[in-house]
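A.B. asks: Please work out how this folds:
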Amino acid sequence: MRYVCVLSTDDYLDGVLVLNENLKALNSKYKLLCLVNENLNEETLNFLKCFNIEYKVEPSIPYTSNTESDTENDTVRWKYTFDKLNIFKLTEYEKIVYLDTDILILKNIDHLFQLEPITLASDMPYNIDTYNSGVMVIKPNIEDFNHLKEIVNDYEQKRVNHVGDQNVINDYFKNPHVLDENYNIMRIISQETKLFYDELSNAYIPKHPVCHMNRLAENPTIIHYIVQPKPFFLAHPIADEYYHIYQKYLKTVRTKKKKEIMKDSQLLVIIIGNEEQNHLKECLSHISQQTYPNKKVVVITTNETVKRQAEAIKDINITIYSSNQEITEEEMNAAKYISILNSKMILTKDTYELCIKHILDNQLDWCQFASDQDASSYVMDYVDTQENIENQYVEGKITKGIGDKVFKKELLAKTLNLEEILKFSNRVGYIGKNCYQVKENKN
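C.D. replies: You can find the predicted model right below:
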């Protein structure tokens, strides 16, 4: 017997990981099995392994009519909806409790394995006379799977769109056992945010309002965040009385993911210039405080004093390049930290352009320039060589104070204050030495 969930798109990964942490926190004696399709990328599968979540690959069940929706959101929502039906093929298990990846479990639910299949959650009050497929107790059976597929094929022939697994399951299972509505307390999260007063900080903070569908429920067991957006997509909290529990699991997940990402990460520091001898010390001092296990540093300089300083450092892997040596693309792609001083005086044209392109195209933990004027010069030199993007820049947008700007692919050359900078996580690169403290506070 197993808990089972389905992961059909990479962007729902955090939902699966939160669900797994949720079950562990409630001391479940049953483990989670994740059904995945052939379209998921290797990084997603590696994260499942990292969190010790078993997964099984089952071919996606296509449905052409749902991929011809009017909007992109509808297409994403419905494209893989019938993958859930693959749970009925898992005949190696005596019984399965299926769980959607957008739920929050408040109490141990191991007792569901004692219920008779098929048991479905009530869809009250959203739909009075149908059942919700977000929580199900089933006995896998190939005959049931084939019948469900026949209904899907019938829908396909009739070109019916905006139908999902729940429609098919309701069509086939006419008299299921029913869980009461406490196992399906539905919430709909607003796309927009509003300001809510926070007593702890004595300030108004942005939150996503929540529509409570089951207002009279007194003893909730499972909260179900139906439709879009999902709680694991959002940068701001949601105005739900149980969100602090969800946030705890989500924070645990993202911390573990970050450690896994950093496990194989390298640091690449570029020290360039003939008069900036102390800059190497500043950069390496900051790097020594970081938790990257693989601290590889590339120093490019023609300054003999800087070379001797670098050669004397033993606790960090440092490679020294002269000005005519080019950084390889592999080295550049591994860079998480780049510091540039007077590079146009030293770097070859190819290395210089490779460096700037990497800064513009990737999510660096840190990108430092000697000054905002230098940053403006470097960026403008590069983007002027790129077709059709010169108009993205307006004179003066990055010529103000050093410590108050973010340098980012989507926000190139825009001026932001420190409060706005702190809204972003690793997708930022800072301009100017004065941002050291900002980065440390963000960590």
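A.B. asks: Does residue 213 touch residue 186 like I think?
C.D. replies: Yes. With contacts defined as C-beta atoms under 8 Å, residue 213 counts as touching residue 186 at a distance of 3.9 Å. Using the backbone N, CA and C atoms, a C-beta is placed for each residue, glycine as well.
A.B. asks: so what's in contact with these two at the same time?
C.D. replies: 126, 226 (C-beta atoms under 8 Å, 6 or more residues apart in numbering).
A.B. asks: Comparing the two, which residue is more hemmed in?
C.D. replies: residue 186 (23 against 18; other C-beta atoms under 10 Å).
A.B. asks: What strand or helix carries the more buried one?
C.D. replies: Assigned by DSSP states H and E, residue 186 belongs to strand 185-189.
A.B. asks: Send me that strand as CSV with only the CA atoms.
C.D. replies: Output of strand 185-189 as CSV, limited to C-alpha atoms (Å, rounded to 0.1, in the frame of the first residue of the first chain):
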residue,chain,number,x,y,z
ILE,A,185,-11.5,22.1,2.2
MET,A,186,-11.2,24.1,-0.9
ARG,A,187,-9.4,27.4,-1.3
ILE,A,188,-9.0,29.6,-4.3
ILE,A,189,-5.9,31.9,-4.2
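A.B. asks: so what does it touch, helix or strand wise?
C.D. replies: Using 3 or more C-beta pairs under 8 Å, 6 or more residues apart in numbering; DSSP states H and E as the contact definition, the elements that strand 185-189 packs against are strand 210-212, strand 222-226.
A.B. asks: which residues are in contact with the helix or strand following it?
C.D. replies: Counting by DSSP H and E, the next helix or strand C-terminal to strand 185-189 is strand 194-198. Applying C-beta under 8 Å, 6+ apart, the external contacts of strand 194-198 come out as 203, 204, 205, 206, 207, 208, 209, 239.
A.B. asks: make it 6 Å
C.D. replies: Among residues not part of strand 194-198, those counted as contacts by C-beta atoms under 6 Å, 6 or more residues apart in numbering are 204, 205, 207, 209, 239.
A.B. asks: Go through the residues you listed and name the one nearest residue 302.
C.D. replies: Of all these, residue 205 has the smallest distance to residue 302: 50.7 Å, by C-beta to C-beta.
A.B. asks: Flag the shaky bits of this structure, pLDDT-wise.
C.D. replies: When residues are selected by pLDDT under 70, those of the chain lie in 65-77, 216, 262-279, 282-294, 323-327, 333-349, 351-353, 355-443.
A.B. asks: can you list the domain ranges for it.
C.D. replies: 2-261, 265-442 (automatic domain parsing).
A.B. asks: For the nearest residue to residue 50 once chain neighbours are set aside, what are phi and psi?
C.D. replies: The shortest distance from residue 50 to any residue that is not its chain neighbour, by C-beta to C-beta, 6 or more residues apart in numbering, is 5.0 Å, and that residue is residue 260. Dihedral angles of residue 260 (phi, psi; degrees, to the nearest 10) stand at phi -70, psi -40.
A.B. asks: In CSV, could you pull the C-alpha coordinates for the longest strand along the chain?
C.D. replies: Ranked by residue count, the top strand of the chain under DSSP state E comes out as strand 131-138. This file holds the C-alpha atoms of strand 131-138, laid out as CSV (Å, rounded to 0.1, in the frame of the first residue of the first chain):
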residue,chain,number,x,y,z
TYR,A,131,-16.9,14.0,-6.4
ASN,A,132,-13.4,15.5,-6.2
SER,A,133,-10.4,13.4,-7.4
GLY,A,134,-7.9,15.3,-5.2
VAL,A,135,-8.0,12.6,-2.5
MET,A,136,-8.9,9.0,-3.5
VAL,A,137,-8.7,5.5,-2.1
ILE,A,138,-8.4,3.0,-4.9
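A.B. asks: Provide the strand pairings for it, with the direction of each partner.
C.D. replies: Strand 131-138 has the following sheet partners, assigned by DSSP bridges: strand 96-99 (antiparallel), strand 119-122 (antiparallel).
A.B. asks: out of those, nearest to residue 301?
C.D. replies: Set against residue 301 and scored by C-beta to C-beta, the strands paired with strand 131-138 come closest in strand 96-99, at 56.4 Å.
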